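Student: sequence first, then the predicted structure, then my questions.
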Amino acid sequence: MASSSPSPSSGVRIGVLAVQGDVREHIRTIESLGGTATAVRRPSELEGIDGIIIPGGESTTIDKLTRAFDLAEPLRARILGGLPAYGSCAGMIMLADVIADPSTDRQGNPQQTLGGLDIVVRRNAFGRQRESFETDLAFTGLADTAGAGGNDPVRAVFIRAPWVEKVGPSVEVLAEVPAPETPPPGGSSDGGPEKSGAVARIVAVRSGNLLATSFHPEVTGERRVHELFIRMIRGEA
Ligand SMILES: NC(=O)CC[C@H](N)C(=O)O
């Protein structure tokens, strides 16, 4: 019976913005859940998708190339029109309405985001000593998969990750991690959660059809965050 019934994810077509970053890892994770994932490099490839993933990578590069490929405006319009979107790490930055510390190009123009999520993010927020780290997180709203229960912690990999400094009233916080109280100027603090003055920093949020994580579930074999995104697309979460 179970083997012949369709996967709960079948029929869902998810685009992965494929201008830079860990595109393949997201495609693999969606496919392993029974969904269809396609790389999006052209505006026409936005047609027929039920959701979009913005991968981890480098947000300044993703911003520049998304604009250069004429994807920024149609993508912004689709997200504004209700297209579900999930951003991991640099993807979270791309979905944020405001960057606390945007980088600027040679002409002094700040990097841009697609926006949609009423949050302020800080890039490279965890500081030099903690540029990359892994930890177990409690994460609200996950369901059981074959591999893990809904309440089991998420193994989260942070790579020069942002944190969410401020959320608007529409935004639900799904996960937090202890981090230094003072944001490092230019990402150069030596602080860590083991030092005094650690506070909980927001690392996963949801608002309506938009989902974002500071970390990369797609690189650890963690599938429950993508599964949550698929349930959001299907109107089941
Ligand atoms: N792993 C990541 O996606 C890093 C994000 C990167 N620090 C940025 O600002 O875009």
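Tutor: Perfect, I can see it now. Because the structure is predicted, anything quoted here is derived from the model rather than measured.

Student: what are the contacting residues of the least confident helix or strand in the chain by mean pLDDT?
Tutor: Lowest on mean pLDDT, DSSP states H and E among the helices and strands of the chain sits strand 172-180, with a mean of 92. With Cβ atoms under 8 Å, 6 or more residues apart in numbering as the test, strand 172-180 has contacts from 125-127, 130, 135, 137-141, 154, 156, 158, 163-164, 167, 189, 191-193, 195, 197-207, 213. Bear in mind the C-beta positions are built from the backbone N, C-alpha and C, glycine included.

Student: can you tell me which of those residues are in strands?
Tutor: Counting by DSSP state E, the contacts of strand 172-180 place 135, 137, 154, 156, 158, 163-164, 167, 198-207, 213 in strands.

Student: can you say which of those residues are buried?
Tutor: 135, 137, 154, 156, 158, 163-164, 167, 201-207, 213 (16 or more other Cβ atoms under 10 Å).

Student: can you read off the backbone torsions of residue 231?
Tutor: phi -70, psi -30 (degrees, to the nearest 10).

Student: and the residue nearest to it when sequence neighbours are not counted, how far from residue 42?
Tutor: Of all residues not flanking residue 231 in the chain, residue 237 sits nearest, at 3.7 Å (Cβ to Cβ, 6 or more residues apart in numbering). Applying Cβ to Cβ, to the nearest Å, the value for residue 237 to residue 42 is 30 Å.

Student: same deal with residue 136?
Tutor: 39 Å.

Student: equivalent analysis for residue 30, please.
Tutor: For residue 30 relative to residue 42 (Cβ to Cβ), the value is 19 Å.

Student: the more surrounded of the two?
Tutor: Shown here are residue 30 and residue 42; by other Cβ atoms under 10 Å, residue 30 has more neighbours (28 against 13).

Student: next up, phi/psi of that one, please.
Tutor: Torsion angles, degrees, to the nearest 10, at residue 30: phi -60, psi -40.

Student: and it, what's its pLDDT?
Tutor: For residue 30, the pLDDT comes out at 97.

Student: show me what contacts it?
Tutor: Going by Cβ under 8 Å, 6+ apart, residue 30 touches 9, 14, 16, 36-37, 53, 226, 230.

Student: adding pLDDT, neighbour count and secondary structure, write these out as TSV.
Tutor: Listed next are the contacts of residue 30 as TSV, based on pLDDT from 0 to 100; neighbours: other Cβ atoms under 10 Å; DSSP: H, G, I helix; E, B strand; the rest coil:
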residue	pLDDT	neighbour count	secondary structure
9	66	21	coil
14	98	27	strand
16	98	27	strand
36	97	16	strand
37	98	24	strand
53	98	28	strand
226	97	26	helix
230	97	24	helix
